[in-house]
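Asks: structure here, sequence nowhere to be found:
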């Protein structure tokens, strides 16, 4: 209290320096402390790339040495709100990793021998562009393949591949999220959920979003917010995760029995009339379903409900208890709590039980069934389709879709394949079903992460099957070992990307940028290519693809070049800023 | 002002973002932590919970680390932050013994200790500590506890909160909301060899003493390791200091004990001087930065018993040297008289360590009231054993003093090992006293047996082997005592 009796204002510490100071923030050198040695930093925002959430990061850059001092969060990022998980500040370890590859490398020994020599980006671009131009001129479009593990951007690469007129996009999705995605997509086309945890009354997780998974940090923030506001949480996980430990109910079913556990909850919701009747009647194709369940029945909603109850009559909590080894009463308890939450019912399966096992897609399908029964689609505290909350920006120029079908990606004998049958690639090549002239791997390490790494090693060693393999990667990897070019690409603080994620019930887009380049430009030192500002000659894909595409079609005769011309300076090459 | 933290374990998800942000902000070496998250699991499947505890410096109102630091390298700032001046630190690691929370580590690259300093360099710029900024779930709240309207004050007033180890009387300024008791009470949960993701760090390889009860179905599954900082040099220091003090205490009685000639006149002071110098060398060499030992003189903290002990050792060295010089000069009368004040000084030499160890608030075993009399007995034990070597065979009084000291020492050992201890930490340390090994032999038992051999030698009139046995036997005990005190977990 002051002398006059009025309360003195509470002085709390700030979380971040005020925005207006970001060009020149004065702080004290922690290494010199307790000597008070002032230092100056330039703060440059970017986004994290250590998972797909794209949380905000802020690089503190030493303007003299042009080095990153540390990475903190960005208080203006709507997803992460200035807070981060451990992987955010740890980006600095990647930037300064003493073992990172700093320059483009070309193989000099045999494939896999580990012998490389440093080359220039010009040599890399000329060689790859020349090969690809020849392939395109010879109508060998299917011999170009881009195989991505971690895109980090929305849509950029799709545009590039379309501009080349190739069907070349391969992914890791089928050893990861494809089965969970298909379970969701079958309901409404949107292949991921966007739960509104902050406003939920009941949160059902088949994931460990308090510690892992894409969107862990933004989700954890909002799950805890929701729980503090009274939400109950049930976690279904065979492991005792931190998330499971924080849950009001932890159910650890026998692995692979999760769908029945979820159907047992649906059974209770139906039998005890806890579902959202109006929602189902309005939004679900119940007439078609009824016709499937009972072709003789008249199209009446009550008849449908009875048919549905009959259809799931087998999935009693007792039956599930037997199959899943989970207490039947607990299943009932959870189902009733879901019923009580009504449309404020947020759910997520982050791969977990859905991933990498036969029938895993039924996990997300059954989970979404509960969401639909509760009418919790697109509601406050409910579970949105990801498309409600994800914003993918349209580029300035959209090349037409490719007119080719590469059967190494979607083989005809798998007509229902959801995402590329990527894990079969070495087996199909072994059968002689194709050749790849130019193969790009992008943060993709199948030799290590795919179940049959040795098959991949065999394929990557075989020069008759793969003409040239360029590994675009921020780090060394088991797959880079078998590459002809190892091309160092930037980590989160060293590249441009546009990214939007369904982290919560809102829509945002984030802008990742190479912070050292931005710092140099802010100081009046223009930079032509990002690799000139990054450590060594570490580049970024966005500029790399522009340069490569330009060199594939230098005279514009292939129809590629026009997609890389500046919208502002006709006929000239577009810059990354444009 | 009193800056501090509220750790809200109702919100904490155990994600370690604080740990990493702190490391990034403060360039903390690999293997060291200024803040860390402990995991404890409680219960049996399926009714099981994993609890977290964010651990760090408590910025205690009564910070024992500040009191014990001999060179004022630790400071309680006006805003309540307990800060370390790494440039001033000499690396004695006394603060690590004084901290009841294992919050301090030695940065081996710098030869100086470090710990959480509330990001004081950020606070100067009006910024929150890095851990509080990064925390995804707002579980770390930083603020001023003296401001009744601050967030931290409101949280503590409006919620039940706890602190770590309140019995240590340090008044911690990290308050825990929603933390499980099992995480706050060290030693209550078992520590399996395998943690959640790794082997348990082998810093303290001793197995948990079987007689110490732990809560059923509770185990620590993740925690950082803490090394035993004070090893053989400190154990040996206790021994050499006892020898020096013991002979000086007995010196005025040399004639009465039947010792004569040079044995009576020069031997006690010569022995005391040599062993005091060895003691000093051990103390200096054990510093992480021995070349900075002089700072004890240039920037002394008079509250620290390391400084007071240094002064006592210095005074003792000086007076002992003077007595020796007087002997050389032939002034035996003055020398004889000066032996009395030197004997009193020697009692201080023997006993001051009890006050130093009492300042080690992290080592409850060492805070025992038995320590002072025990140290005096140890001095007499060592003094009589060494003097016996130079005394005539028929020195029965000295032999009886020696035998009496052995019995008294054994009684103290039994009391320390099996007696009642007020705190859980002291009880745990007493149990470890029985399990500490030296050259792979249980040290306490080795000490008993070798001392018994020493007693037999004394009775048999073989003074040389008696002295060797007594000194080895006592070293065994010092080793066990110094190590056992540091073995119980503080987290």
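Replies: Great, that's in hand. Since we're looking at a predicted model, the values are computed, not measured.

Asks: switch to C-alpha atoms for all contacts and neighbour counts from now on
Replies: Noted.

Asks: which one's the longest helix in chain A?
Replies: helix A:121-137 (DSSP state H).

Asks: give me the neighbour count for the residue in the stretch 301-450 of chain A positioned nearest to chain B.
Replies: Going by CA to the nearest CA, chain B is nearest to residue A:326 of the stretch 301-450 of chain A, at 9.3 Å. For residue A:326, the count of nearby residues is 20 (other CA atoms under 10 Å in any protein chain shown).

Asks: now the residue nearest to it when sequence neighbours are not counted: how far from residue A:421?
Replies: Spatially, and ignoring its direct neighbours in sequence, residue A:326 is nearest to residue A:253 (5.8 Å; CA to CA, 6 or more residues apart in numbering or on different chains). Separation of residue A:253 from residue A:421 (CA to CA, to the nearest Å) stands at 30 Å.

Asks: now do residue B:203
Replies: In terms of CA to CA, residue B:203 sits 49 Å off from residue A:421.

Asks: can you give me the end-to-end span of stretch B:145-153?
Replies: With CA to CA applied, stretch B:145-153 spans 5 Å between its terminal residues.

Asks: just stretch A:309-319 next, same as before
Replies: For stretch A:309-319, the first-to-last residue distance is 15 Å (CA to CA).

Asks: could you give me the buried positions within it?
Replies: For stretch A:309-319, the neighbour count (16 or more other CA atoms under 10 Å in any protein chain shown) marks A:309, A:312, A:315-318 as buried.

Asks: before we move on, what about stretch B:344-359?
Replies: Within stretch B:344-359, the residues that count as buried by 16+ other CA under 10 Å are B:345-359.

Asks: and if you look at stretch A:221-232?
Replies: Buried-residue list, stretch A:221-232, by 16+ other CA under 10 Å: A:221-227, A:231-232.

Asks: and residue B:203 and residue A:421? Which one has more around it.
Replies: residue A:421 (20 against 12).

Asks: list the contacts of the closest residue to residue A:77 other than its chain neighbours.
Replies: The shortest distance from residue A:77 to any residue other than its chain neighbours is 5.3 Å, reached at residue A:56 (CA to CA, 6+ apart). By CA atoms under 8 Å, 6 or more residues apart in numbering or on different chains, the residues touching residue A:56 are A:45-48, A:73-77, A:79-82, A:84.

Asks: and if you look at residue A:514?
Replies: Here residue A:514 is in contact with A:46, A:492-496, A:530, A:534 (CA under 8 Å, 6+ apart).

Asks: restricted to buried residues, select the residues you listed in ChimeraX.
Replies: The following ChimeraX line selects those of these that are buried, judged by 16+ other CA under 10 Å:
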select /A:46,492,493,494,495,496,530,534
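
Asks: mark which of the contacts of residue A:514 are part of helices, please.
Replies: With helices taken from DSSP H, there is no overlap with these.

Asks: any regions of the stretch 301-450 of chain B where pLDDT drops low?
Replies: The stretch 301-450 of chain B contains residues with pLDDT under 70 at B:393.

Asks: what about the residue in it that chain A sits nearest to, how many residues nearby?
Replies: Closest residue of the stretch 301-450 of chain B to chain A, CA to the nearest CA: residue B:301 (18.5 Å). By the criterion of other CA under 10 Å, residue B:301 has 20 neighbours.

Asks: now residue A:255: closest residue in space, sequence neighbours ignored.
Replies: Excluding the flanking residues, the one nearest residue A:255 by CA to CA, 6+ apart is residue A:238, at 6.6 Å.

Asks: what about the one you found, neighbour count?
Replies: Residue A:238: 18 neighbours (other CA under 10 Å).
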